[in-house]
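# Here's a sequence, model it:
(2 chains)
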Amino acid sequence: MVNLIMSETEKAQTTTHKIGIYLWIWGLLFVLSFCSYMVDWFQFQGLVRWTLIVTFMLLKAGLIMAFFMHLFWERYAIVNVLLWPMTAIACFIGLMVAEGRYTMFARFFYFVVGG
Amino acid sequence: MSDPALEKLPGGYKGLTSDFGSDQTIFKGVNWGKAMMWIFLLSDTFIFSCFLISYMKVRASVVDEWPYPSEVFALNFMGVPVPLLLIAIMTFVLITSSGTMALAVKFGYERNRKLCAWFLLATALGGLTFVGMQAFEWSKLIFHEGVRPWSNPFGAPQFGSFFFMITGFHGTHVSIGVIFLFIFSRKTFRGDFDIGKRGFFTSMKSDYVAIEILGLYWHFVDLVWVFIFAFFYLW
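Just a heads-up that it's a prediction; the model follows:
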């Protein structure tokens, strides 16, 4: 069994990542934020707007989690424990989209036919 | 951060199964405080998801017109209304503070005490700027536009309650982060992490890993803002 308690000498050897990685990610986040602001600036509407917003949002979230929060370098155990619960949120979103549509339908329906 | 003892363990999905089937710890090489911060952030993710999902559900089912954020959050600049100007600046400020935080973590692990402390201070000031701008945004909406949690002049009355709830909860997170950043900046300047001074609360030895843990929290605050910016301001 590998001893996972780090000795003082090992601790000193702990390598850090090059500063360039952080600066690159930082720059990319700026560019992506600027892009998502431009979506509003140019007044894209409908499907184009939503696709662009979600794409830029997920790219930014991914970059922050992978590099700023170091998940890219972590072992799969913690990465999986953190990311799988997100599927529950995705299911919840799906359920609430259906629920929202039903509420909307019910409101219009009973507005027309009466209570 | 990579660690020589970990490189002897199997990696990838093989590592996943062997870590879960192993003795004592699942998260090899992850400081327990860091693992606990991740678990906390996961639960916080669920809280923010509940807010945003309930906002989505209500927005999808209101019969009134939802206020158009591009106009509601426009700011006059030299007499011209610029859409989302303040929000865009807030976004860039928060991303900048996230970048300085990442550098503080890096310099902390390199035991570069002064640079680490200065970058923590810069992060704290960025966070403070963000909270200040948010206070300005709130006061503008409350006192000048008359937005209330139950009514507003723009459209669907539910808008106010979601706006104050979601941005308020996020602003609280930022404020708490700023307080901790100032405390940690002072601790770093004083050299607590170099000499392993015991904390007054935990009585455990201080270590630079604490800065990475604080960094996780701070990046999470930025991460939440990414989603709020997309779903609340841009949608």
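# now the closest residue to chain A within chain B, nearest residue through space, not along the chain?
Nearest residue of chain B to chain A: residue B:60, at 3.3 Å (C-beta to the nearest C-beta). All C-beta spots, glycine's among them, are computed from the backbone N, C-alpha and C. Leaving aside its chain neighbours, residue B:60 sits nearest to residue A:100 (3.3 Å; criterion: C-beta to C-beta, 6 or more residues apart in numbering or on different chains).
# mind listing the strands for chain B?
B:75-77, B:80-82 (DSSP state E).
# Can you point out the buried residues in the last one?
Buried positions in strand B:80-82, judged by neighbour count with 16 or more other C-beta atoms under 10 Å in any protein chain shown: none.
# swap in stretch B:88-96?
Buried residues in stretch B:88-96 (16+ other C-beta under 10 Å): B:88, B:90, B:91, B:92, B:93, B:94, B:95, B:96.
# Could you do stretch B:13-22 as well?
B:15, B:16, B:19, B:22.
# Can you tell me which of those residues lies closest to residue B:194?
Nearest to residue B:194 among these, counting by C-beta to C-beta, is residue B:19 at 31.7 Å.
# separation between the closest residue to chain B within chain A and residue A:94?
Ranking the residues of chain A by distance to chain B (C-beta to the nearest C-beta) places residue A:100 first, at 3.3 Å. Look at residue A:100 and residue A:94: by C-beta to C-beta, to the nearest Å, they are 11 Å apart.
# Which of the two has more residues huddled nearby?
residue A:100 (18 against 10; other C-beta atoms under 10 Å in any protein chain shown).
# Which ones among the buried residues of stretch B:88-96 lie within helices?
B:88, B:90, B:91, B:92, B:93, B:94, B:95, B:96 (DSSP state H).
# helix or strand for the residue of chain A closest to chain B, which one?
helix A:85-113 (DSSP states H and E).
# and that helix, average pLDDT?
The average of the pLDDT scores along helix A:85-113 is 93.
# Equivalent analysis for stretch A:65-74, please.
Mean predicted lDDT for stretch A:65-74 stands at 92.
# can you list contacts of that stretch?
A:17, A:21-22, A:25, A:78-79, A:82, B:1-2, B:30, B:98-99, B:101-102, B:212, B:215-216, B:219-220, B:222-223 (C-beta atoms under 8 Å, 6 or more residues apart in numbering or on different chains).
# Buried among those residues? Need that as a selection in PyMOL.
Isolation of the buried members of these (16+ other C-beta under 10 Å) is achieved in PyMOL through the command below:
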select buried, (chain A and resi 17+22+25+78+79+82) or (chain B and resi 1+30+98+99+101+102+212+215+216+219+220+222+223)
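# any idea how the chain splits into domains?
This is for chain A. A:17-74, A:84-115 (automatic domain parsing).
# right idea, wrong chain: chain B
According to automatic domain parsing, the domains of chain B span B:1-30, B:31-234.
# about what we covered before: of all pairs in the buried residues of stretch B:13-22, which one is the farthest apart?
B:16 and B:22 (10.9 Å).
# and the domains of chain B as a markdown table, adding mean pLDDT?
Formatted as a markdown table, the domains of chain B follow (pLDDT from 0 to 100):
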| stretch | mean pLDDT |
| --- | --- |
| domain B:1-30 | 83 |
| domain B:31-234 | 92 |
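# Give the full set of residues in contact with the spatially closest residue to residue B:182 that is not a sequence neighbour.
Closest residue to residue B:182 in three dimensions, ignoring its sequence neighbours and counting by C-beta to C-beta, 6+ apart: residue B:124, at 4.9 Å. Applying C-beta under 8 Å, 6+ apart, we find residue B:124 in contact with B:178, B:181, B:182, B:185.
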